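Asker: A predicted structure for the sequence below; I have some questions about it.
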Amino acid sequence: MDPPPKPSSTSLFQVYLRLRPRPSSLVQLTQQSLYPLLTPPERYLTVEPPVQDGKDAMPTHITLQAPSDSRKRAVEKFAFTKVFEEQAEQLDIFKGTGLVPLIEGVIGEGRDGLLATLGVTGSGKSHTILGSKSQRGLTQLSLDALYRSIKNQLLHTTSHPSLVSSLSAADASEAQILPASSFLDGVYGDVLAERSNSRAPTPMMVGRTSNLPTKYTPKNGLYSQWSILGLSTGYSPRGTGQSIRAVPIAAESEHPARVTGPLPSQLPFWNSPRLTRTQAKLRFGNFQDSTSTTSIPRRNLPHRPSALPQYPDISDVNITTDPNIEYAILISMYEVYNDRIFDLLSNPPTPKDLRRRHLLFKSTEASPDRKVVAGLRKVVCASYEEALMVLETGLMERRVAGTGSNSASSRSHGFFCIEVKRRPRGGAPSAWTGAQLSIVDLAGSERARNAKTAGATLAEAGKINESLMYLGQCLQMQSDCHDGAKPSIVPFRQCKLTELLFSNSFPSSAHNAAPHHAHHHRNAQKAIMIVTADPLGDFNATSQILRYSALAREVTVPRIPSVTSTILSGTTAVPRSQVTSGRVTPNAVSAEEYEAAVSEVARLDEEVDILGVRLAEEEGRRREAEEEWRRAEERAEEVERQVREECWAEMEVKIEAERRRWMGAWCEEADRNDEHLDRKLEILSRGIQIHEDPGPHPDDHIADLESQNEALRRKLDAMERELQCRSPTKSKPRNPSGIAMDSSDAENVGFRLVGLSLESRAPGVAKTPRVKGRKLTARKWDFGEDEEGF
Ligand SMILES: Nc1ncnc2c1ncn2[C@@H]1O[C@H](COP(=O)(O)OP(=O)(O)OP(=O)(O)O)[C@@H](O)[C@H]1O
């Protein structure tokens, strides 16, 4: 097989392979005692000797053969840029993978750099990127190299108060930029107050399974993922006073932590007082998590610097910089979880709103030709220690869970971005340009059967595998079109992960830039992929990853003793003497023809074998396609369901709003009516004064009656006198009934009139008697008529 293709201008990634060492003998012993029936795993991977000669020559090829392969499957050979064997250390990886030139490109050329790890779960991706208790990872080493190189040209927010505002003005990603001191104070300053409002903790378990007690409960105590960076908390969140410590694995134990140089203890927030037990309880609450995995708080206290690993030392790494340039470094962190981007450095919008807002990867007004993650929080870090603290804070937010394959399995793809901003010394505030180094810790692909996941963790695994499948397709495309084919056909827009990894892999074109923006031509990013593999791990999962990530691949079919070979061996066994004996039948063929036929059969047989392998591959691809189809259908259903739910929710909101509007209008109308009525009543009560009739005073009434009586009496007297003065011959006047009336009668009449008059004044009395009475009193002419009648 040829040496792996040299990275060309079209290749998107340089691909390195790192093999994970065997677990330490102590771990193996523990495993054996826990699972005595378990057969020790067989190694299925062989590293080929280096193709080139020389002392520093590195292997580039591996062969893969299924362990205990009764079916005699094809032997596959893979080519990588370099293969790092089990004994390789972090420093070897740092120096041997071209990470230093990548950093140089970021500082000097303004070229974006990308470093990513890919592998099956538990194969050592996080170990490579983040390191362990005793060794720094590539992230810390890159940060160290960066800060060492530009420390004399680095601007600080303390000495340049306008630094943050000038960086914000030049930022194209709508980011919230703040100095590290403000950020760290915000996170750790008022720990008590914040903790009580903190988000629900994400399931987390850290440490090797084999090192954990058999029954692992929160009461056993925990240590955070950050401790793998060597920043031991020295603090048990439950206040038990104990923290589980990972038993150092063989490679690590050779390099005990060395603490040298300036320590983060010099930072003010690292010296903040430790929590008391009560405070801790208050702060972390009661960790009664119902999930199968154990929870620890997302943000621990600032860690003690005493365990900070300084190994490996990279003080000999020198990156030359232009002294006329001044720099600022911005750190941001996000994770891709379930195909959505979440900021790892920002707090929830409100303490009550525990849901995180996902961010968009898009072109902005200030960055029309290049997509950026918009709205991230970026922290200006003036020193390596500050950058480490920010990294810790982000890692605490990252989703990690214990699975059957890895006790601290990353459940999201983590992105750690170091933006190196540069401008000429004393340049205008807006003159910032720069490039970014992105370090990506991908979540591992896993088989549900091996990982023994269920529920949400299984769903996460589905999403992880899906995004890794798309990544695989992109990488496959890169290796397929190595020889001059266009890499632009790489289908990277299929999911968020591949978009983030590949969209800056191509140089920006000037015509895409908006005319009102000074166009800054960007070089295509340089990218390094470190594929991690456990030679004793899951064969199928590992071979699948290697298949799509390798730069080249060759399949050899093992020779199977078949009918052909039997014939062949029979042929060779035929003694020449027999062939030439002359006992040849008319149908018999010559020995040469027979041999040619047999070799033709052998060739065809080989072809059949190769076709068999191809068929198996095609079948695998078909299965993948079917799986993709199924997932696409599921996605479509999910989208449909979401749309329905959204529409439903929107409808409900609208109906509710309409109802409220109507209720409001109805209430308003009712109020208006009430008001109107009130006003009317008021007007009425003001305008109409009801006077109560006091009624006649009884004395007045009596006096009145008496005067009337008196008047009548006088009238009667006058009439009597008149009668007496008339001649005695004249007959006595008659009453209407014809009966003669004497004075006593007249008196009676008078009294009756008075009585009638009284009755007529009484309320509710009928008028008829009054008419009668008036008739009696007022009809003087009646008398007159009578008089005339006499
Ligand atoms: N090169 C190495 N040297 C020493 N220990 C290693 C190495 N690689 C991995 N390990 C150990 O193996 C375990 C699993 O590694 P790690 O967590 O890095 O896996 P991972 O690939 O990131 O898994 P996941 O995808 O599930 O997050 C850790 O305990 C780690 O310390």
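Answerer: Good, I have the coordinates. Numbers count the residues shown, from 1 in each chain.
Asker: stretch 48-67: which residues count as buried?
Answerer: 50, 58-66 (16 or more other Cβ atoms under 10 Å). Glycine gets a C-beta too; all of them are placed from N, C-alpha and C.
Asker: pLDDT of stretch 722-742, averaged?
Answerer: The pLDDT scores in stretch 722-742 average 58.
Asker: can you tell me the closest non-neighbouring residue to residue 539?
Answerer: Leaving aside its sequence neighbours, residue 539 sits nearest to residue 44 (Cβ to Cβ, 6 or more residues apart in numbering; 5.2 Å).
Asker: residues in contact with the one you found?
Answerer: 64-67, 535, 539, 542 (Cβ atoms under 8 Å, 6 or more residues apart in numbering).
Asker: which ones among the residues you listed lie within helices?
Answerer: Mapping these onto helices (DSSP state H) picks out 539, 542.
Asker: mind giving me the domain ranges of this structure?
Answerer: Per automatic domain parsing, the structural domains of the chain span 14-511+523-556, 561-568+595-665, 706-789.
Asker: state the three-state secondary structure for residue 360.
Answerer: strand (DSSP: H, G, I helix; E, B strand; the rest coil).
Asker: check it and give its pLDDT.
Answerer: For residue 360, the model assigns a pLDDT of 91.
Asker: next up, the contacts around it.
Answerer: Going by Cβ under 8 Å, 6+ apart, residue 360 touches 341, 373-375.
Asker: still on that earlier bit, tell me how far the residue nearest to residue 539 lies from residue 713.
Answerer: Look at residue 44 and residue 713: by Cβ to Cβ, to the nearest Å, they are 150 Å apart.
Asker: these two touch, right, residue 76 and residue 66?
Answerer: No: using Cβ atoms under 8 Å as the test, residue 76 is too far from residue 66 to be in contact (9.4 Å).
Asker: anything in contact with each of those two?
Answerer: Counting by Cβ under 8 Å, 6+ apart, the contacts common to residue 76 and residue 66 are residue 543.
Asker: correct me, but residue 334 touches residue 356?
Answerer: No: with contacts defined as Cβ under 8 Å, residue 334 does not count as touching residue 356, sitting 10.4 Å away.
Asker: ok, these two, which is more surrounded?
Answerer: Between residue 334 and residue 356, counting by other Cβ atoms under 10 Å, residue 334 is the more crowded of the two (27 against 18).
Asker: now that one, what's its secondary structure?
Answerer: Quick answer, by three-state DSSP: residue 334 is strand.
Asker: can you check residue 182 too?
Answerer: Under three-state DSSP, residue 182 comes out as helix.
Asker: equivalent analysis for the one 4 residues further on, please.
Answerer: Here residue 186 is recorded as helix under three-state DSSP.
Asker: give the contact list for it.
Answerer: With contacts defined as Cβ under 8 Å, 6+ apart, residue 186 is in contact with residue 347.
Asker: how close does it sit to residue 347?
Answerer: Residue 186 is 8 Å from residue 347, by Cβ to Cβ.
Asker: likewise for residue 607?
Answerer: Here the criterion is Cβ to Cβ. By it, residue 607 lies 64 Å from residue 347.
Asker: more crowded one of the two?
Answerer: Applying other Cβ under 10 Å to residue 607 and residue 347 shows that residue 347 carries more neighbours, namely 16 against 10.
Asker: just to be sure, that one is in a helix?
Answerer: No: using three-state DSSP, the secondary structure at residue 347 is coil, not a helix.
Asker: let me know the pLDDT of it.
Answerer: 70.
Asker: show me what from the stretch 501-650 of the chain comes close to the ligand.
Answerer: residue 532 (Cβ under 6 Å from any ligand atom).
Asker: got the residue ranges for the strands in the stretch 501-650 of the chain?
Answerer: Ranges of strands in the stretch 501-650 of the chain, per DSSP state E, counting those that start in this stretch, are 526-533, 552-556.
Asker: can I get these in a markdown table including mean neighbour count and distance to residue 156?
Answerer: Output for those, formatted as a markdown table (neighbours: other Cβ atoms under 10 Å; distance: least, Cβ to Cβ, whole Å):
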| stretch | mean neighbour count | distance to residue 156 |
| --- | --- | --- |
| strand 526-533 | 25 | 29 |
| strand 552-556 | 15 | 48 |
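Asker: mean pLDDT lowest where, among these?
Answerer: Note on the strands of the stretch 501-650 of the chain: lowest mean pLDDT is at strand 552-556, with a mean of 79.
Asker: now the contacts of residue 44 as JSON lines including pLDDT?
Answerer: Below are the contacts of residue 44 laid out as JSON lines (pLDDT from 0 to 100):
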{"residue": "64", "pLDDT": "88"}
{"residue": "65", "pLDDT": "85"}
{"residue": "66", "pLDDT": "80"}
{"residue": "67", "pLDDT": "76"}
{"residue": "535", "pLDDT": "91"}
{"residue": "539", "pLDDT": "86"}
{"residue": "542", "pLDDT": "90"}
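Asker: ok, of the contacts of residue 44, which one's closest to residue 392?
Answerer: Using Cβ to Cβ, residue 542 is the member of the contacts of residue 44 that sits closest to residue 392, with 31.1 Å.
Asker: the closest one is in contact with residue 534, isn't it?
Answerer: Yes: at 6.9 Å, residue 542 and residue 534 qualify as touching, with contact defined as Cβ under 8 Å.
Asker: check which helix or strand covers residue 466.
Answerer: If you go by DSSP states H and E, residue 466 is part of helix 455-480.
Asker: does the ligand have contacts with that helix?
Answerer: No: Helix 455-480 does not reach the ligand (Cβ under 6 Å from any ligand atom); its nearest approach is 8.4 Å.
Asker: who touches both of residue 334 and residue 356?
Answerer: Counting by Cβ under 8 Å, 6+ apart, the common neighbours of residue 334 and residue 356 are 342-343.
Asker: what's the angle from the helix holding residue 466 to strand 526-533?
Answerer: Counting by axes from the mean of the first three to the mean of the last three Cα atoms, to 10 degrees, helix 455-480 lies at 120 degrees to strand 526-533.
Asker: where does the stretch 101-250 of the chain have low pLDDT?
Answerer: Across the stretch 101-250 of the chain, the ranges flagged by pLDDT under 70 are 189-250.
Asker: kindly report the same for the stretch 251-400 of the chain.
Answerer: 251-308, 348-355, 399-400.
Asker: helices along that one, start to end?
Answerer: Ranges of helices within the stretch 251-400 of the chain are 277-284, 384-397, based on DSSP state H, counting those that start in this stretch.
Asker: what's the longest one packed up against?
Answerer: Packed against helix 384-397, as judged by 3 or more Cβ pairs under 8 Å, 6 or more residues apart in numbering; DSSP states H and E, are the following elements: helix 138-150, helix 180-184, strand 325-337, strand 413-424.
Asker: quick check: which of these is nearest to the ligand?
Answerer: Checking the helices and strands packed on helix 384-397 against the ligand by Cβ to the nearest ligand atom gives strand 413-424 as the closest, at 9.3 Å.
Asker: shared neighbours of residue 542 and residue 534, anything?
Answerer: With Cβ under 8 Å, 6+ apart, residue 542 and residue 534 have common neighbours 120, 123.
Asker: what residues are up against the residue of the stretch 101-250 of the chain found nearest the ligand?
Answerer: Closest approach between the stretch 101-250 of the chain and the ligand, counting by Cβ to the nearest ligand atom: residue 124, at 2.6 Å. Neighbour list for residue 124: 18, 20, 532, 534 [criterion: Cβ under 8 Å, 6+ apart].
Asker: quick one, phi/psi of it?
Answerer: Main-chain dihedrals, residue 124, degrees, to the nearest 10: phi 110, psi 20.
Asker: roughly how far does it sit from residue 313?
Answerer: Applying Cβ to Cβ to residue 124 and residue 313 gives a distance of 22 Å.
Asker: what of residue 100?
Answerer: Taking Cβ to Cβ, one finds residue 100 at 15 Å from residue 313.
Asker: over to residue 613?
Answerer: Per Cβ to Cβ, residue 613 is found 48 Å from residue 313.
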